[in-house]
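**Q** Let me see the structure of the following:
(4 chains)
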Amino acid sequence: MASSVSVLLFGITRDLTGQSKVVVPLSEHTRVIDLLSRLHQDYPALAGIKSLLVAVNGEYAEQDQLIGYNDEIALIPPVSGG
Amino acid sequence: MASSVSVLLFGITRDLTGQSKVVVPLSEHTRVIDLLSRLHQDYPALAGIKSLLVAVNGEYAEQDQLIGYNDEIALIPPVSGG
Amino acid sequence: MISITTDPIDVAAALKSIESEQAGAIDLFLGVVRDNTQERSVNRLEYEAYDRMAINEMEKIADQAHQRWPILRYTIIHRKGTLQIGEIAVLIGVATAHRADAFEACRYIIDTIKKTVPIWKKEVFMDGEEWVNAHP
Amino acid sequence: MISITTDPIDVAAALKSIESEQAGAIDLFLGVVRDNTQERSVNRLEYEAYDRMAINEMEKIADQAHQRWPILRYTIIHRKGTLQIGEIAVLIGVATAHRADAFEACRYIIDTIKKTVPIWKKEVFMDGEEWVNAHP
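**A** Residues are numbered from 1 along each chain as shown, chains lettered A, B, ... in the order given. Okay, the predicted model is just below:
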């Protein structure tokens, strides 16, 4: 059964994609690295960012972490607070 | 010709002597160390202080510095500002 | 206390919030918008935060600081939105019994915030703008 | 700006006095009267200064700090007289472009003040009083 998950975008990722949220198709086996790969395909401009991490439910996620349908996903470009 | 100089006292030195200023006889050859020696004779209670420096005209003075009639002299017990 | 706010940061209120009768030392660090960066003149800054995660990460940092130093009270306030030159972007306040702990904990907190907390700053110049640290 | 005052220290005014458009970081250190020392309960503190020399020594410290760090603006305010628990005895404020300099200069200034500046503090307890550091 096909499903999808929303990905929150901030800062430069929002500027480069022109969107603050994008929807990515999801399977039962989608991992963080798969999501990143898909986003890079859909939005080649993301390659211009120095590094890109993924947060799942407000926590930095490992590359091999599985993504669930109800997770809150966000792209985290290099932070620059303070 | 006999002369003298006033010595300003602060903190514990003032408490131990009961005075905020004492007068010490001065010759042409009186050095900081002589002044300290004389003060210790006159006020034995000063021996109860951990260390005692002398300021001449608002600057820490060396032991062998000569003292002049017009100098502003002060005893400096261990500082504890801040 | 940790917060993210669009309002100007009130230093007096922040200080009041960390008063303690056991405190002998308070270190307050203010990150301020300065008028230039890498010799380029800055007009203003725009801060954006992933609030939920930023609060979460700042709480972790505060917990780590509490494990390393005997902190009596602390506050972390980060502003977001548009900030003009001279405005306070972040305030860290730490109250401890002795001063070395206040300095070290305060510095640890701001240094770590800059590494891990999902807040982003865009520098707006006369002739363009740039997300800080974002480009290779 | 360096001062010794019997009035309560006004943190907001001190902060205002070191504002600078080039400043990206401000570190404010407050030395506060705490309610105990070496497990003895403190009632109040009494500070006394040899004003002329204290100002002179603090100016030397500020000069040394300026030689070591790129300080934009600074302030040192030391209070004297009788201080109650929670009152600010000393405030050091340093504004710099970058934060490491603000932390380091501020800490250098307070550390050195405590070593060389002729100001004395008497701790008043329920059952006695004692000039700090004075006894062997």
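**Q** If we go by neighbour counts, what in the helix or strand that residue C:123 is a member of is buried?
**A** Per DSSP states H and E: residue C:123 is located in strand C:119-125. Across strand C:119-125, burial judged by 16 or more other CB atoms under 10 Å in any protein chain shown covers C:119-123. Just so you know, the C-beta spots here come from the backbone N, C-alpha and C atoms, and that holds for glycine as well.
**Q** what about it, near chain D?
**A** No - Strand C:119-125 is not in contact with chain D by CB under 8 Å from any CB of the partner chain; minimum separation 11.5 Å.
**Q** Then stretch C:80-100?
**A** Yes - Stretch C:80-100 comes into contact with chain D (CB under 8 Å from any CB), by way of C:85-86, C:95, C:97, C:99.
**Q** show me what contacts the residue lying closest to residue C:122 once chain neighbours are set aside?
**A** Leaving aside its sequence neighbours, residue C:122 sits nearest to residue C:46 (CB to CB, 6 or more residues apart in numbering or on different chains; 4.4 Å). With contact taken as CB atoms under 8 Å, 6 or more residues apart in numbering or on different chains, residue C:46 is in contact with C:81-83, C:121-122, C:124, C:129.
**Q** one step back: separate out the buried members of the residues of stretch C:80-100 next to chain D.
**A** C:85, C:95, C:97, C:99.
**Q** quick one, phi psi at the closest residue to the last one other than its chain neighbours?
**A** Which is residue C:99. Computed as CB to CB, 6+ apart, the closest residue to residue C:99 that is not its neighbour in sequence is residue C:25, at 3.8 Å. With angles defined as degrees, to the nearest 10, residue C:25 sits at phi -150, psi 140.
**Q** Any figure for the gap between residue C:25 and residue C:101?
**A** 7 Å (CB to CB, to the nearest Å).
**Q** how much space between the nearest residue to residue A:66 once chain neighbours are set aside and chain D?
**A** Spatially, and ignoring its direct neighbours in sequence, residue A:66 is nearest to residue A:31 (5.7 Å; CB to CB, 6+ apart). Separation of residue A:31 from chain D (CB to the nearest CB, to the nearest Å): 38 Å.
**Q** Residue A:61 is in contact with residue A:31, correct?
**A** No - assessed by CB atoms under 8 Å, residue A:31 is found out of contact with residue A:61, at 9.2 Å.
**Q** Comparing the two, which shows the higher neighbour count?
**A** Neighbours were counted for residue A:31 and for residue A:61 using other CB atoms under 10 Å in any protein chain shown; residue A:61 has more, 21 against 16.
**Q** Could you report the neighbour count for the residue nearest to residue C:99?
**A** 23.
**Q** Is it correct that it is in contact with residue C:104?
**A** No - if you go by CB under 8 Å, residue C:25 and residue C:104 don't touch, sitting 10.9 Å apart.
**Q** which non-adjacent residue is nearest the closest residue to chain D within chain A?
**A** Nearest residue of chain A to chain D: residue A:82, at 8.1 Å (CB to the nearest CB). Leaving aside its chain neighbours, residue A:82 sits nearest to residue C:114 (4.3 Å; criterion: CB to CB, 6+ apart).
**Q** what sits against the one you found?
**A** By CB under 8 Å, 6+ apart, residue C:114 lies in contact with A:79-82.
**Q** what phi and what psi does the backbone show at it?
**A** Residue torsions, per degrees, to the nearest 10, at residue C:114 are phi -70, psi -20.
**Q** any idea how far it is from residue D:87?
**A** With CB to CB as the criterion, residue C:114 and residue D:87 are 33 Å apart.
**Q** and if you look at residue C:77?
**A** In terms of CB to CB, residue C:77 sits 24 Å off from residue D:87.
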